[in-house]
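>>> Sequence and predicted structure, then a few things I'm wondering about:
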Amino acid sequence: MSDSPRDQLARQLAEAVAEALRVDLTHQDQALLVVSGGSTPVTFFAALAACELPWERIQITLADERWVAEDAEDSNARLVRTHLLQGPAAAATFVPLTTADATPEQGAAAVAERIAGLAWPASVVILGMGGDGHTASLFPDSRELPLALATEAPAVAVRTPSQPQPRITLSAARLHQARRHVLHITGGDKRAVLARALTGDDVRELPIRAFLACPLAIYWAP
Ligand SMILES: O=C1O[C@H](COP(=O)(O)O)[C@@H](O)[C@H](O)[C@H]1O
């Protein structure tokens, strides 16, 4: 791996996540890791896959997903399979957020049941963030945002005008069920969005605000 600040950050995050999983596995049989999709986590996934861990005792799921086929270019599950579930890490149990149903509304109940059966609280929830302040698929312009912020259901189907595909997201309540929360972001633009989020409290304007008090460990590089 090269030594750019983003690569260094990815390695530091991977080491911290691996250590958190090891600590939790000293007192529980299975540990759950919730990861985000998008472009930011690729180097982190590769760094985590290289860590020595009892992978067969680790469950991995996603914070959110586009309702697309698992082998689609923009599938978060595909990203996880390609970059994280490699080598010994392939022994982890990966729980995707899509079903064969045509829409997320049709598949949400089955996904919710699948998610509820995992080893909560998660050891770590790793969130990403978009330039609009969305995290997971909690988008400011989504009609389902108030539901996803308020419901106790594990997963919510989401339609978002700014996004080409329908999506499914873990609810804010479910994402809160973790021992540790991390925000993994890069670049000056996202730093500025985070700074704006820290100075206000309207969660519907910048949904990342729902997690700022978790507490949230910030992993940022230029
Ligand atoms: O759409 C999504 O975007 C965010 C941020 O992605 P990035 O490409 O800017 O890193 C991501 O956290 C989320 O899981 C994903 O579905």
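Yep, it's here.
>>> Run through the residues that contact the spatially most central residue of the chain.
In the chain, the C-alpha nearest the mean C-alpha coordinate belongs to S36, at 2.7 Å (Cα atoms, centre = their mean). S36 is in contact with L62, A63, D64, N76, I126, L127, G128, T135, A136, H184, counting by Cβ atoms under 8 Å, 6 or more residues apart in numbering. Backbone N, C-alpha and C define where each C-beta goes, glycine included.
>>> Next secondary structure element downstream of the helix of greatest length in the chain?
Looking across the chain with DSSP state H, the single longest helix is helix 5-25. Next in sequence after helix 5-25, counting helices and strands by DSSP states H and E, comes strand 31-35.
>>> For that next one, what is the distance to the chain centroid?
The chain centre lies 9 Å from the centre of strand 31-35; the measure is Cα atoms, centre = their mean, to the nearest Å.
>>> who does it pair up with?
Next to strand 31-35 in the sheet, as set by DSSP bridges, lie strand 58-62 (parallel), strand 124-127 (parallel).
>>> one step back: now do the contacts for the closest residue to the residue nearest to the centre of the chain other than its chain neighbours.
Counting by Cβ to Cβ, 6 or more residues apart in numbering, S36 lies nearest to G128, which is 3.9 Å off, once chain neighbours are set aside. By Cβ under 8 Å, 6+ apart, the residues touching G128 are S36, G37, G38, T40, P41, A63, T135, L183, H184, I185.
>>> Check I58 too.
When contacts are counted by Cβ under 8 Å, 6+ apart, I58 is found next to L21, L25, Q30, A31, L32, L33, A92, T93.
>>> does the ligand sit close to the longest helix of the chain?
No: using Cβ under 6 Å from any ligand atom, helix 5-25 stays clear of the ligand, with a minimum separation of 11.3 Å.
>>> Kindly format the C-alpha coordinates of stretch 97-110 as PDB.
The C-alpha trace of stretch 97-110 is given here as PDB (Å, rounded to 0.1, in the frame of the first residue of the first chain):
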ATOM      1  CA  LEU A  97     -29.300  -5.600   2.600                       C
ATOM      2  CA  THR A  98     -31.000  -6.600  -0.600                       C
ATOM      3  CA  THR A  99     -33.400  -9.400  -1.500                       C
ATOM      4  CA  ALA A 100     -34.700 -10.800  -4.800                       C
ATOM      5  CA  ASP A 101     -37.800  -8.500  -4.400                       C
ATOM      6  CA  ALA A 102     -38.400  -5.800  -7.100                       C
ATOM      7  CA  THR A 103     -38.500  -2.900  -4.600                       C
ATOM      8  CA  PRO A 104     -37.000  -2.100  -1.200                       C
ATOM      9  CA  GLU A 105     -40.500  -1.600   0.100                       C
ATOM     10  CA  GLN A 106     -41.300  -5.300  -0.700                       C
ATOM     11  CA  GLY A 107     -38.000  -6.500   0.700                       C
ATOM     12  CA  ALA A 108     -37.700  -4.300   3.800                       C
ATOM     13  CA  ALA A 109     -39.400  -6.700   6.200                       C
ATOM     14  CA  ALA A 110     -37.200  -9.600   5.200                       C
END
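>>> Find me the pLDDT at P161, would you?
Looking at P161, its pLDDT reads 95.
>>> is it true that it touches L145?
No: judged on Cβ atoms under 8 Å, P161 makes no contact with L145 at a distance of 11.7 Å.
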